[in-house]
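Undergrad: give the three-dimensional model of this entry:
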Amino acid sequence: MSEIIGPATSADRQLPFGPALFSVFLNILFGINAVAIKFSLQGMGPFTNAGLRFAIAAVAITLWAVAAGQPLRVDRLQMRRLGVLSVMFISQIGLFYLGLMRTTASHGVLISNLLPFVVLLLAHWFIPGDRITPRKLAGIVFGFSGVLFVVFDRHGLAADLQTGDMIILCAVLIWGSSAVYAKKISSTVNPVVLSLYPMLPAVPVYLLAALIWDDRMIVSLDTEVVLALLYQALVTASFGFVAWNTLIRRYGATALHSFVFVMPIAGVFFGVVLLGEPLTPHILAAIGLIVAGIIVVNGGRRGQK
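TA: Numbers count the residues shown, from 1 in each chain. Reported below is the predicted structural model:
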């Protein structure tokens, strides 16, 4: 989900059919990311996975930025702000990977879609003019209710599964804080820099954590594991970010966020199809509530345009 949090913009415009279809495609890619992580965790430890993912992504984004002539230099104030963002980034991603080790991809993607609602709550207090309206509040209630259905899904529920859900929930709370902070500093920091710089300290931190805490850094590197890792690094963390932020600069965040509801549906669908995860009544109810919440919130945004 971090890949879809972009800077706010006042230039929100209605999406033509082509960009709208591309936005749906990107949200499907982001939804599949949790499934890709589950596959790669079969062959490597969680911190090893995160370290390798962002090492590859950082190289890819840097090469693209240089080729595209994107400025990557920052001043001291920007560096301090990016340092704060890096601490939150390292914490949220590390917790997300640890949580996915202990729960299903379906649970992971549904709980992570609590992020827009956490951002709404925090933005109410910390971003001037970004207030919670009755419509937004209704959407937040739908979203949090959906996550409760995930957490209390009793199909084969084990203590480890519940622990994984709680760890991911903690990751999402930190994620929301970092997203709001990123919004506050986005007017002074290039969006490419905003994504790239937190990855740079994250890589050595994750690899050091892997040496200390991963039971085995590498278990097996078969084709399935390598492709899953490359998907996370190149498709979502690199291509997905660049494509999404290009659309944000052109059409605005409001128009794009109207399609975020596709993400939990895609994540659960591919978790069931590719990983054989159970599709329980609780999961179906959670999808309905979370999608309804996102539609309610973004419907309100469109109405205010």
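
Undergrad: contacts and neighbour counts: CA atoms only from here.
TA: Fine.

Undergrad: show me where this protein has helices.
TA: 17-40, 46-68, 76-100, 105-112, 115-126, 134-151, 159-185, 191-213, 223-230, 241-251, 253-257, 262-275, 281-303 (DSSP state H).

Undergrad: and these, which is most packed in?
TA: helix 105-112 (a mean of 28; mean count of other Cα atoms under 10 Å).

Undergrad: that helix to helix 281-303, inter-axis angle?
TA: 30 degrees (axes from the mean of the first three to the mean of the last three Cα atoms, to 10 degrees).

Undergrad: packing partners for helix 105-112?
TA: helix 17-40, helix 134-151, helix 159-185, helix 262-275, helix 281-303 (3 or more Cα pairs under 8 Å, 6 or more residues apart in numbering; DSSP states H and E).

Undergrad: now the helices of the chain in CSV, with mean pLDDT?
TA: Listed next are those as CSV, based on pLDDT from 0 to 100:
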stretch, mean pLDDT
helix 17-40, 92
helix 46-68, 96
helix 76-100, 95
helix 105-112, 90
helix 115-126, 83
helix 134-151, 85
helix 159-185, 86
helix 191-213, 94
helix 223-230, 97
helix 241-251, 76
helix 253-257, 64
helix 262-275, 92
helix 281-303, 80
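
Undergrad: if we can go back for a sec, could you dump the helices and strands packed on helix 105-112 to TSV with distance to Trp64?
TA: Output for those, formatted as TSV (distance: least, Cα to Cα, whole Å):
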stretch	distance to Trp64
helix 17-40	19
helix 134-151	36
helix 159-185	22
helix 262-275	26
helix 281-303	32
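
Undergrad: for Ala237, find the nearest of the ones you listed.
TA: Set against Ala237 and scored by Cα to Cα, those come closest in helix 17-40, at 9.2 Å.

Undergrad: how distant is that closest one from the center of its chain?
TA: The chain centroid and the centroid of helix 17-40 are separated by 11 Å under Cα atoms, centre = their mean, to the nearest Å.

Undergrad: elements contacting it?
TA: The helices and strands touching helix 17-40, judged by 3+ Cα pairs under 8 Å, 6+ apart, are helix 76-100, helix 105-112, helix 223-230, helix 241-251, helix 262-275.

Undergrad: who touches that helix?
TA: By Cα atoms under 8 Å, 6 or more residues apart in numbering, the surrounding residues in contact with helix 17-40 are 1, 3, 49, 97, 100-101, 104-106, 108-109, 224-226, 228-229, 231-232, 235-236, 240, 244, 247, 256, 259-260, 262-268, 270-271, 274-275.

Undergrad: apply 7 Å and report the result again.
TA: 1, 100, 105, 108-109, 225, 228-229, 231-232, 236, 240, 256, 259-260, 262-264, 266-267, 270-271 (Cα atoms under 7 Å, 6 or more residues apart in numbering).

Undergrad: equivalent analysis for stretch 169-183, please.
TA: 5, 7-8, 85, 88, 92, 95-96, 111-112, 115, 118-119, 122-123.

Undergrad: is it possible to export the helices and strands packed on helix 17-40 to TSV including distance to Leu173?
TA: What follows is those, written out as TSV (distance: least, Cα to Cα, whole Å):
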stretch	distance to Leu173
helix 76-100	8
helix 105-112	9
helix 223-230	25
helix 241-251	21
helix 262-275	18
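
Undergrad: residues near Thr280, how many?
TA: 13 (other Cα atoms under 10 Å).

Undergrad: quick check: it vs Ile37, distance?
TA: Remark: distance between Thr280 and Ile37 (Cα to Cα, to the nearest Å) = 22 Å.

Undergrad: before we move on, what about Arg250?
TA: In terms of Cα to Cα, Arg250 sits 30 Å off from Ile37.

Undergrad: and for Tyr197?
TA: 22 Å.
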